[in-house]
Each structure stands twice: as structure tokens, then as C-alpha cells.
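Visitor: sequence-free structure coming up:
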């Protein structure tokens, strides 16, 4: 009898772990991979963490962050829900500093500003904002910016 109770408890615990693990996986898989794209969800503080350039469809990507001064790579951009932005020269300060104010807007998936936030949104998951510009330097090229919420 004692052996049967022991095996029943062991089986119950094993099944509980499997069922709870399956529920946890299912819960994680149901989380949305994207956020609604609107001014209020995009508003926040970001840091540019990647800039990639492709000359055309067949060319390889070039990392454009390597061409930026180190004092520019640690800057942050605050996008306000009221349509203004503030560029903060953080960490290593450039001379002169890069602090700047301006305005930005969103029309469908198109970001427009009087500064460096311009392009078409490719992806937004509430943490990472990816947007791109085409035909920037040459016809058929594409520059992709990845900004991470701070």
C-alpha cells in the first residue's frame, strides 16, 4: 500500500510539472510580438542601437554606427506624446554638445521630424522601434535604424 501511494504521489507531481510547464509555454506564445503603432505607444526615451545600410538588394549591409563619433553613440532621444522631441547628448559629451529640441509626427507608419527621426516603421514591439529610409544616398538603397527604449 505504501509503495502504491508513493508512486501515485510521484506520478501526480510529474503530471503537475508537465501540465504547468505546458501552460507556461502557451502563455508566453500568446503574447503579442508587436504593439499598436501610434504616438502614445511610441512616445518614450530611446537610444539608437543599430544603423544598417544596404546599397541595393544584392549588396551586404554596412554598420553605420562605426562611422559615428563615440560621443554620439550614447545619446538618447525623448519622443513626447505631444509631438515634440528632445535629443540628449549623454555619457561622453560632444563639443559642441548635441542637445537639440524639435517636433515629430506619425502618419500611419511614417515618422517625420525636423531632426533625425524620419522614415517608415518596419517593426515596433513597445521596446524596439525599427524604421528605414530608402533612396537615401543612391536609388535602391536602404538605411535601417533600430532604436531601443531606455
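Guide: Nice, I can see it. Since the model is a prediction, treat every value here as computed from it, not as a measurement. Residues are numbered from 1 along each chain as shown.

Visitor: Contact partners for the spatially most central residue of the chain?
Guide: The centre of the chain sits closest to residue 128, judged by C-alpha atoms, centre = their mean, with a distance of 1.0 Å. When the contact criterion is C-beta atoms under 8 Å, 6 or more residues apart in numbering, the partners of residue 128 are 146-149. In short, each C-beta sits where N, CA and C put it, glycine included.

Visitor: switch the cut-off to 6 Å
Guide: For residue 128, the residues meeting the contact criterion (C-beta atoms under 6 Å, 6 or more residues apart in numbering) are residue 148.

Visitor: again with the one 3 residues further on
Guide: When contacts are counted by C-beta under 6 Å, 6+ apart, residue 131 touches 111, 119, 121, 145.

Visitor: From the residues you listed, pick the one nearest residue 35.
Guide: residue 121 (10.7 Å; C-beta to C-beta).

Visitor: do you know how far that closest one is from residue 67?
Guide: 24 Å (C-beta to C-beta, to the nearest Å).

Visitor: now swap in residue 150 and tell me
Guide: From residue 150 across to residue 67, the span is 23 Å (C-beta to C-beta).

Visitor: what's the answer for residue 41, then?
Guide: When distances are taken as C-beta to C-beta, residue 41 and residue 67 turn out to be 31 Å apart.

Visitor: Just give me the longest strand of this structure.
Guide: In terms of residue count, the longest strand belonging to the chain (DSSP state E) is strand 44-54.
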